[in-house]
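1. I'd like to go over a predicted model; first the sequence, then the structure.
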2 protein chains.
Amino acid sequence: MIFDMILDGKKIAQDIKNEIKALVSQRISERKKRPHLAAIIVGNDGASLTYVSNKVKACNYVGFKSTLIRLEDSITEKLLLDQINVLNRDNSIDGFIVQIPLPKRINEQKVLLAIDPKKDVDGFHPTNFGQMTLDMESFIPATPYGIIELLNRYDIKTSGKNCVVIGRSNIVGRPISILLSQKSRRGNATVTLTHSRTKKLESFTKDADIIISALGIPEFLKSDMVKDGVVVIDVGITRVVDKSKPKGYKIKGDVDYLNVSKKASAITPVPGGVGPMTISMLLKNTLLACQRKD
Amino acid sequence: MIFDMILDGKKIAQDIKNEIKALVSQRISERKKRPHLAAIIVGNDGASLTYVSNKVKACNYVGFKSTLIRLEDSITEKLLLDQINVLNRDNSIDGFIVQIPLPKRINEQKVLLAIDPKKDVDGFHPTNFGQMTLDMESFIPATPYGIIELLNRYDIKTSGKNCVVIGRSNIVGRPISILLSQKSRRGNATVTLTHSRTKKLESFTKDADIIISALGIPEFLKSDMVKDGVVVIDVGITRVVDKSKPKGYKIKGDVDYLNVSKKASAITPVPGGVGPMTISMLLKNTLLACQRKD
């Protein structure tokens, strides 16, 4: 162990919310528009309802207006697309999200493409994704944006560093691999994107200065797979049965925290690491969408 | 040396042109629309004029209609954007390109964004780039598309292979790093994207099964930087003074071909490797644009 640094996402996320709250107050005192985030949720999935209600709470905290649109599980694709068009046209709404997963009948890609890129504060629309990839101004998806911000706030340098990303999803692994390798102050890392087809994963992770794991397998990354002084960002959030907990489960990350943290120079805990950052970055995107219209 | 295999881009490019030519003949016999590519060129840059005239020749060869719009070097940005809008609205034109570089006065990004993504056969518009990155159907930029096709035609497997890309440009390094790491038959490689800030580049290249170099430094990649059996794709095209040649220069790739080819299991020559592939892939994109309207 070189030195111990726990990357406290919960604290940083709170700092960001307070900064946004101050900016909103200032906007209001300048008679500028109050940012307004809307969310569409289809059906009654427990986890989705929790996520969305946390987003609404965060909006209230920072002084955003929020609108929650709950649609029945039986809704047709056409009616959902109509609802998206209503939000696209509604000038009072700066940004909106459609909570996934959607019922299987509904084509998620079609829904995504229907969202006006200017209001796509999740940053999942191809136009935003392309702008991000080409290093143009865009909405950056909340989780990779949160990782960049966390590294930034703890002043962890990425330039010239050997960075290994585990998992190539469109919401975490792919975009963070792109962002960290870009020619920018918070990029300039040499990034290897690893995934299910990667052979000898440990040969990559053992050389890595920074590891970002977004795999979803609890305690997958062991201490013998990393070198001393590594920086570890754990994006995994898996529910593991634990009857001693009030909810009957606990949340586990991708990293064997107890052992890896002994070798790491910096590490995110789970929970309390990357997770809390995502809502703050969604708020940041919504504020940006509102500011662009000033 | 395991075995010697020169990846003959000139031959493969010609094969593709013949395939497209046959498809065009068939379209005409079925009374379908003849594909039509337009190109805008600003000013009198010699290399640009050569590139564009080669594209026109290739169109003639495969039976496409082509339109070349030559604009004066002094043209305003506004007039260029107007011209792009004319092409966007012209139903007879399936796809078009704006040859770069443009005069410095003109904002290339603004020009790029003005092109209708449905006609952006260069695949540089953020909407196409985002769709490519998200593995949706799109126009793939010609050079990375040509690399994928070349690997494909020579049946070089990429799944699970350790692939190192040198250079992170938006037209080659970035897109090929994305394509090769995707979950697709011609992807599934573990890709490391290296660039000017990468430290100890040879520590990456020495382990690579496949190296794609798009750097633009003649004979940069030496044989002691690669392992036996490596597959090398050389995208570099640099003019080096050579008074013994009729034009006063010769074309050099990024790779020390004479020595690296002794260790490689497959390698592209320069010229005659990736270069000739790009025009064929542009034609392929134009045909696709036309087919989409059938």
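-> Arrived safely, thanks for sending.
2. Which stretches in the stretch 51-200 of chain A count as helices?
-> Taking DSSP state H, counting those that start in this stretch as the criterion, the stretch 51-200 of chain A contains helices spanning A:77-89, A:108-114, A:126-133, A:142-153, A:173-181.
3. who in chain A is up against chain B?
-> A:109, A:125-136, A:138, A:159-160, A:162, A:168, A:170, A:174, A:177-178, A:181-183, A:188-195, A:197-199, A:203-204, A:207 (C-beta under 8 Å from any C-beta of the partner chain). From N, CA and C alone the C-beta is placed, and that goes for glycine too.
4. Report the inter-axis angle for the longest helix seen in chain A versus helix A:142-153.
-> Longest helix in chain A by number of residues, with DSSP state H as the criterion: helix A:9-29. Calculated by axes from the mean of the first three to the mean of the last three C-alpha atoms, to 10 degrees, helix A:9-29 forms an angle of 100 degrees with helix A:142-153.
5. just how off-centre is helix A:9-29 within its chain?
-> For helix A:9-29, the distance between its averaged C-alpha position and the chain's averaged C-alpha position is 18 Å (C-alpha atoms, centre = their mean, to the nearest Å).
6. what's downstream of that helix, the next helix or strand?
-> Scanning forward in sequence from helix A:9-29 by DSSP states H and E, the next helix or strand is strand A:36-42.
7. Averaged pLDDT, that following strand. What do you get?
-> Along strand A:36-42, the predicted local confidence has a mean pLDDT of 97.
8. And stretch A:188-208, by the same measure?
-> 98.
9. Show the pLDDT at the residue nearest the centre of chain A.
-> Residue closest to the mean C-alpha point of chain A, counted by C-alpha atoms, centre = their mean, is A:Thr143 at 1.5 Å. With respect to pLDDT, A:Thr143 scores 98.
10. what does A:Ser184 give?
-> A:Ser184 carries a pLDDT value of 87.
11. cool, A:Ser74 as well?
-> Looking at A:Ser74, its pLDDT stands at 95.
12. contacts for the longest helix of chain A?
-> Residues from elsewhere that reach helix A:9-29 (C-beta atoms under 8 Å, 6 or more residues apart in numbering or on different chains): A:33-35, A:58, A:61-64, A:146, A:149-150, A:153, A:268-269, A:272-277, A:279-281, A:283-284, A:287, A:290.
13. Quick check: mean pLDDT of that helix?
-> Confidence over helix A:9-29, taken as the mean pLDDT, stands at 98.
14. Report the buried residues of that helix.
-> Residues of helix A:9-29 classed as buried under the neighbour-count rule (16 or more other C-beta atoms under 10 Å in any protein chain shown) are A:Gly9, A:Ile12, A:Ala13, A:Ile16, A:Lys17, A:Ile20, A:Leu23, A:Val24, A:Arg27.
15. again, but for stretch A:32-42
-> A:Pro35, A:His36, A:Leu37, A:Ala38, A:Ala39, A:Ile40, A:Ile41, A:Val42.
16. Low-confidence bits of the stretch 151-294 of chain A, can you list those?
-> For the stretch 151-294 of chain A, no stretch is flagged by pLDDT under 70.
17. At which residues are the strands of it located?
-> Along the stretch 151-294 of chain A, the stretches classed as strands by DSSP state E, counting those that start in this stretch are A:162-166, A:190-194, A:210-213, A:231-234, A:238-241, A:249-252, A:266-267.
18. Check which strands are paired with the third one and give the direction for each one.
-> Paired strands of strand A:210-213, with direction, are strand A:162-166 (parallel), strand A:231-234 (parallel) (DSSP bridges).
19. quick check, distance from the shortest one to the centre of its chain.
-> The offset between the C-alpha centroid of strand A:231-234 and the centroid of the whole chain comes to 15 Å, using C-alpha atoms, centre = their mean.
20. ok so, going back, now the strands paired with strand A:210-213 as TSV including mean neighbour count?
-> As requested, the strands paired with strand A:210-213 are exported to TSV (neighbours: other C-beta atoms under 10 Å in any protein chain shown):
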stretch	mean neighbour count
strand A:162-166	27
strand A:231-234	26
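21. how about TSV for the ones you listed, with distance to B:Ile97 added?
-> Output for those, formatted as TSV (distance: least, C-beta to C-beta, whole Å):
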stretch	distance to B:Ile97
strand A:162-166	33
strand A:231-234	40
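22. Isn't A:Pro175 up against A:Ile140?
-> Yes: here A:Pro175 lies in contact with A:Ile140, judged by C-beta atoms under 8 Å, at a distance of 7.1 Å.
23. Give the residues shared as contacts by these two.
-> In the contact map built from C-beta under 8 Å, 6+ apart, the residues linked to both A:Pro175 and A:Ile140 are A:Gly123, A:Met132.
24. so A:Thr192 bridges to which residues?
-> According to DSSP bridges, A:Val164, B:Thr192 are recorded as the beta-bridge partners of A:Thr192.
25. doesn't B:Thr190 make contact with it?
-> Yes: contact status for A:Thr192 versus B:Thr190: in contact at 6.5 Å, counting by C-beta under 8 Å.
26. Overlap of the contact sets of those two?
-> Shared contacts of A:Thr192 and B:Thr190, defined by C-beta under 8 Å, 6+ apart, are found at A:Phe204.
27. what comes into contact with stretch A:156-163?
-> Counting by C-beta under 8 Å, 6+ apart, stretch A:156-163 makes contact with A:151, A:180-181, A:185-192, A:207-212, A:231, A:266, B:197-199, all of which sit outside it.
28. swap that for stretch A:245-257, please
-> A:166, A:213-223, A:232, A:234-242, A:267-271, A:273.
29. So for that stretch, what gets flagged as buried?
-> For stretch A:245-257, a neighbour-count test (16+ other C-beta under 10 Å) marks A:Ile251, A:Lys252, A:Gly253, A:Asp254, A:Val255, A:Asp256, A:Tyr257 as buried.
30. to the chain's geometric centre, what's the distance from that stretch?
-> 19 Å.
31. May I have that stretch as PDB, with CA atoms only?
-> What follows is stretch A:245-257, C-alpha atoms only, in PDB (Å, rounded to 0.1, in the frame of the first residue of the first chain):
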ATOM      1  CA  LYS A 245     -29.800  -6.900   6.100                       C
ATOM      2  CA  PRO A 246     -33.300  -5.200   6.500                       C
ATOM      3  CA  LYS A 247     -33.900  -5.400   2.700                       C
ATOM      4  CA  GLY A 248     -32.700  -9.000   2.500                       C
ATOM      5  CA  TYR A 249     -29.700  -8.100   0.300                       C
ATOM      6  CA  LYS A 250     -26.600  -6.100   0.200                       C
ATOM      7  CA  ILE A 251     -24.900  -4.200  -2.700                       C
ATOM      8  CA  LYS A 252     -21.600  -5.600  -3.900                       C
ATOM      9  CA  GLY A 253     -19.200  -4.100  -6.400                       C
ATOM     10  CA  ASP A 254     -17.000  -5.800  -9.000                       C
ATOM     11  CA  VAL A 255     -14.000  -5.500  -6.700                       C
ATOM     12  CA  ASP A 256     -12.800  -7.600  -3.800                       C
ATOM     13  CA  TYR A 257     -12.600  -4.300  -1.800                       C
END
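32. Please name the nearest non-neighbouring residue to A:Thr127.
-> A:Pro117 (4.1 Å; C-beta to C-beta, 6 or more residues apart in numbering or on different chains).
33. quick one, what contacts that neighbour?
-> A:Pro117 touches A:His125, A:Thr127, A:Asn128, counting by C-beta under 8 Å, 6+ apart.
34. pretty sure A:Gly146 is touching A:Leu282, no?
-> No: the pair A:Gly146 / A:Leu282 is not scored as a contact, 9.2 Å apart, by C-beta under 8 Å.
35. So which of those two has more stuff around it?
-> Ranked by neighbour count (other C-beta atoms under 10 Å in any protein chain shown), A:Gly146 and A:Leu282 place A:Gly146 first, with 30 against 26.
36. Please report the distance of the more buried one from A:Ile212.
-> For A:Gly146, the distance to A:Ile212 equals 11 Å [C-beta to C-beta, to the nearest Å].
37. same deal with A:Phe220?
-> As it turns out, when the distance is counted by C-beta to C-beta, A:Phe220 lies 13 Å from A:Ile212.
38. buried sites along stretch A:265-282?
-> Using 16+ other C-beta under 10 Å as the burial criterion, the residues of stretch A:265-282 that qualify are A:265-270, A:272-282.
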